[in-house]
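# The sequence isn't on hand, but the structure is:
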């Protein structure tokens, strides 16, 4: 009788071990559990909510003719922000990049050719980011560590490459859609309506964005918000 009980217990223990092993194996296979790889990098869609700070993120591949006016408005309001610049744009406008840096703004990486990073493999993602990084550094002496994927398109290969290169992937909580809707009142509305701490607000250098910018910054000042670079907006108190 005793031997039979011992045998049953052994069978139960072995069965339980097999069940645990099968669960672990299937989970690992499906990517649910990984003891060898770090957690996947997650993009940032907003900054810290601990302070009344927001970031106006200016993505630049075109609109060079409006940048001088934007920079002047930022100076007038003593605001520093983040410009995510494309490598092909930097190659054609090195002096403008130098001026942006001289004004104390943060520079982010926006890839070289505005490709779809979700469809690109790791080698192509690496090339786009590193070529742009090295070009920015050679022109302005700044090494980037923030990456804004063009059109907000990213995949696992992009996230993996950014993690290995030490980049944070930056998305947005608000989009002015100023490239499509050529209306200063809409830009103002999208930058200000029900604004909350930690907003990351996407914009571009356009005529109507410039027209709205002073009013946007005045609204922030009047309502106790500070416009800061993205890295500062992300930082916890």
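That came through, no problem. Everything numeric here is computed off the predicted structure, so don't read it as measured data.
# Give me the helices and strands touching the longest strand seen in the chain, please.
Secondary structure of the chain per DSSP state E: the longest strand is strand 53-60. If you count contacts as 3 or more CB pairs under 8 Å, 6 or more residues apart in numbering; DSSP states H and E, strand 53-60 packs onto strand 82-85, strand 200-203, strand 226-227, helix 230-234. C-beta here means a position set from N, CA and C on the backbone, and glycine is covered the same way.
# how is the protein carved up into domains?
Listed by automatic domain parsing, the domain ranges of the chain are 1-37, 53-234.
# out of the ones you listed, which comes closest to residue 44?
domain 53-234 (5.4 Å; CB to CB).
# Residue 234 against residue 171, yeah?
No - checked against CB atoms under 8 Å, the pair residue 234 and residue 171 is beyond contact range at 11.9 Å.
# Could you name every residue contacting both of those two?
Taking CB atoms under 8 Å, 6 or more residues apart in numbering as the contact rule, residue 234 and residue 171 both touch residue 44.
# residue ranges of the strands in the chain, please?
53-60, 82-85, 106-109, 146-147, 168-169, 174-175, 200-203, 226-227.
# Export the ones you listed to JSON lines and append columns for mean neighbour count, distance to residue 194 and mean pLDDT.
Output for the strands of the chain, formatted as JSON lines (neighbours: other CB atoms under 10 Å; distance: least, CB to CB, whole Å; pLDDT from 0 to 100):
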{"stretch": "strand 53-60", "mean neighbour count": "26", "distance to residue 194": "12", "mean pLDDT": "98"}
{"stretch": "strand 82-85", "mean neighbour count": "25", "distance to residue 194": "22", "mean pLDDT": "98"}
{"stretch": "strand 106-109", "mean neighbour count": "25", "distance to residue 194": "26", "mean pLDDT": "98"}
{"stretch": "strand 146-147", "mean neighbour count": "24", "distance to residue 194": "26", "mean pLDDT": "98"}
{"stretch": "strand 168-169", "mean neighbour count": "20", "distance to residue 194": "26", "mean pLDDT": "98"}
{"stretch": "strand 174-175", "mean neighbour count": "19", "distance to residue 194": "10", "mean pLDDT": "98"}
{"stretch": "strand 200-203", "mean neighbour count": "24", "distance to residue 194": "13", "mean pLDDT": "98"}
{"stretch": "strand 226-227", "mean neighbour count": "19", "distance to residue 194": "17", "mean pLDDT": "98"}
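# okay, these in TSV with distance to residue 72 next?
Formatted as TSV, the strands of the chain follow (distance: least, CB to CB, whole Å):
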stretch	distance to residue 72
strand 53-60	14
strand 82-85	15
strand 106-109	18
strand 146-147	24
strand 168-169	29
strand 174-175	24
strand 200-203	16
strand 226-227	15
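# Give the burial count for the closest residue to residue 215 other than its chain neighbours, as a bare number.
Computed as CB to CB, 6 or more residues apart in numbering, the closest residue to residue 215 that is not its neighbour in sequence is residue 188, at 5.5 Å. Counted by other CB atoms under 10 Å, the residues lying close to residue 188 total 20.
# Thank you kindly, that will do.
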